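Peer 1: structure for the following, please:
(2 chains)
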Amino acid sequence: MSKTKSNVNADIAFAYLPTHKKERKMSFFDLLLVQTVVGLSAFGLLSGAYAGTMVEAGDSLIAVFFGNAFPMFLIAPVAFYFAKYGVDTFVGYRSALGYNGVVAFFILFYLLSLGYSALALFMAGESLSSAFKVVNAPEFLSGSVGPTVCAIILFFIAFIIVLRGPNAIRKFNIIAVPSFFLFLIALIIAVVFSDHIPALNKLTPVEPFENHTRSFMTALEINVALGFSWLPYLGQYSRLAKSSKSAYSASFYSYGVVVVVAAVVGAIAALISGSMYPGDWMNAIMGSKFAIIGLILLTVANLGATLFLMYSFAISFKTLFSKSSWIIAVSTLLPTIILLLNSTFYDAFNIFMSVISFSMASLGGILIADYFFVKNQNISLRDLYNTKGKYNYWFGFNPSAIVTLVASYFFFWGIYNPITLEAKGLFLKITAGIPTFFLAGVLYYVCAKFIFRFEVDRVSAKDEKFKEYLLKTKTSL
Amino acid sequence: MKAASVKSYEQELQSEEPFVKMLYEDLEKRIETFEEELIEKNDKAKISDFIGVTVVMAIITIGLFSF
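Peer 2: As a prediction, this is how the structure comes out:
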């Protein structure tokens, strides 16, 4: 067996199997650090940048901080589940969605991975192309098609590294992770020690809506979407936590508070430069002389983020479809190239995030309601893995989750249409993602408790009955 | 609730590929151990576990909106 296959197999086994208590070694600070590194990303910069193009500095900070922290506050309790049972996201979600329902969730995760990889790569491509422009590189690298050409080249570099397995990724990340920190620190220093700070309050956004409330709520919604979008990633490290409480707290502080730094930097950069493109940020803030260093750091950092996204997805793919080969698992991300052909997808970031907001807010509400209020924190680990078990519900789908998702869809799109940007009254008061989370939670609870009333839910609700069930399954084997 | 006795991964437990067979045998052992521990002690999240984060979220909210 090749070394790559052996390393990949070890990662698949580690992702698929429930973790033993002795394997759960991560303290609060370990989790905080690793999740911060994962969370500091191109999407943080972009979400912040969108806020910076719509509202002025003070409101951008509110939209960015509250928009990221509050959704994470709502979904972070999910970490208790993964920390207690030691399972990965796509195994854990079976208890709420059903075995086939998780496959549908996985398809959503696939689209999320494609979209996030494309955004990180396009930003990297745009940065690299801007850097090439500074050194007068050939037209195809530095001209109008430069970002696309660079992004596609970077995609294939990422593809080859991911194909080579975890060791190659770890080696690259030794450079990529510090690059992003250096980039952020350099940008913050440049803003603080330049003459921009006194003028920040006077800077006006370049693309506001017709009224301030509308602009603020739209900026908030994009950041709320980013907050909710961490949902599929919450299980990855929480299952390695020494204690459930530290998994929960670290999830909130990392994804909800610390990574917001990237979004703040993005908002300030967009306000100063009036643009969504890193090339413009660097020139406006650092000047063309130092811009090239920032652009290269951002390219490396975004390539690192892409590696993480692609590898995480490929591992999840292998845990669900264990018989497929590693090259097939990685190749499923090839459609990313389509999204890199021009800047359309990058420019439609707000629409993409709104779709994510609706989906993840609903799923977050469903999982919280199912785990804490319907199943009373009692999950059968055996049934999570045995797809002929009790979480089959109706043909592998939980009808309570389906009804909830359909109702949430109509609710979300009824108050906010992210494609036409049409917004109803309620959106202008509380955004669309946050009320969708609450609606999903309440509706799921009502459906599961009073309408469908599956036996597995009734047994799990009572500790004694659940214990009897566990004993019965043990003796029947 | 009737106990689930048919396993969807029965075939994998008999697999000729060592990695697959070992993976599912390991899974069986882990489930056994976990269930024994759970029957003995079923630790759950308590209201007090949420207090710290809730207070911080409240401070962030009040701080931001009075800014």
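Peer 1: can you name the next helix or strand after the helix or strand of chain A with the lowest mean pLDDT?
Peer 2: Sorting the helices and strands of chain A by mean pLDDT, DSSP states H and E puts helix A:197-200 at the bottom, at a mean of 67. Using DSSP states H and E, the helix or strand that follows helix A:197-200 towards the C-terminus is helix A:212-228.
Peer 1: got a list of contacts for the helix or strand just after that next one?
Peer 2: Once the chain leaves helix A:212-228, the next helix or strand it forms, by DSSP H and E, is helix A:234-238. Applying CB atoms under 8 Å, 6 or more residues apart in numbering or on different chains, the external contacts of helix A:234-238 come out as A:26, A:31, A:34-35, A:38, A:75-76, A:78-79, A:81-83, A:87-89, A:92, A:247-248, A:250-251, A:255, A:312. (C-beta placed from N, C-alpha, C; glycine too.)
Peer 1: can you list the residues of chain B near chain A?
Peer 2: Residues of chain B found near chain A (CB under 8 Å from any CB of the partner chain) are B:1, B:3-9, B:12, B:19-20, B:23, B:26-27, B:30-35, B:37-39, B:42-45, B:49-50, B:52-54, B:56-57, B:60-61, B:64-65, B:67.
Peer 1: of those residues, grab the buried ones for ChimeraX.
Peer 2: For the buried members of the residues of chain B next to chain A, the matching ChimeraX selection, counting by 16 or more other CB atoms under 10 Å in any protein chain shown, is:
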select /B:1,3,4,7,9,12,19,20,23,27,30,31,34,35,38,45,49,50,53,56,57,60,61,64
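Peer 1: okay, and which of the residues of chain B next to chain A map to helices?
Peer 2: Among these, DSSP state H puts B:12, B:19-20, B:23, B:26-27, B:30-35, B:37-39, B:52-54, B:56-57, B:60-61, B:64-65 in helices.
Peer 1: quick one, what contacts A:Phe372?
Peer 2: A:Phe372 touches A:Pro77, B:Ala45, counting by CB under 8 Å, 6+ apart.
Peer 1: ok, it to A:Phe66 distance?
Peer 2: Applying CB to CB, to the nearest Å, the value for A:Phe372 to A:Phe66 is 24 Å.
Peer 1: likewise for A:Ser144?
Peer 2: 38 Å.
Peer 1: the more surrounded of the two?
Peer 2: When A:Ser144 and A:Phe66 are compared for neighbours, A:Phe66 comes out ahead with 22 against 11, by other CB atoms under 10 Å in any protein chain shown.
Peer 1: low-confidence stretches in the chain?
Peer 2: Since no chain was named, I'll use chain A. Chain A contains residues with pLDDT under 70 at A:1-5, A:195-198, A:475-477.
Peer 1: not quite, go with chain B.
Peer 2: In chain B, residues with pLDDT under 70: B:1-6, B:67.
Peer 1: in it, which residue is closest to the centre?
Peer 2: The centroid of chain B falls nearest to B:Phe34 when counting by CA atoms, centre = their mean (9.6 Å).
Peer 1: ok, the closest residue to that one other than its chain neighbours - how many residues close by?
Peer 2: Excluding the flanking residues, the one nearest B:Phe34 by CB to CB, 6 or more residues apart in numbering or on different chains is A:Leu381, at 5.3 Å. Residues contacting A:Leu381 under the criterion other CB under 10 Å number 23.
Peer 1: so how far is A:Thr404 from A:Leu381?
Peer 2: As judged by CB to CB, A:Leu381 and A:Thr404 stand 25 Å apart.
Peer 1: also A:Phe349?
Peer 2: From A:Phe349 to A:Thr404 the distance is 27 Å (CB to CB).
Peer 1: quick one, which of those two is more surrounded?
Peer 2: Comparing A:Phe349 with A:Thr404 by other CB under 10 Å, the one with more neighbours is A:Thr404, at 28 against 23.
Peer 1: please identify the helix or strand for that one.
Peer 2: A:Thr404 belongs to helix A:399-415 when assigned by DSSP H and E.
Peer 1: need the contact partners of that helix.
Peer 2: With contacts defined as CB under 8 Å, 6+ apart, helix A:399-415 is touched by A:96-98, A:101, A:357-358, A:361-363, A:365-366, A:370, A:393, A:423-427, A:432-433, A:435-436, A:439-440, A:443-444, A:447-448, A:451-452.
Peer 1: cheers, nothing more for now.
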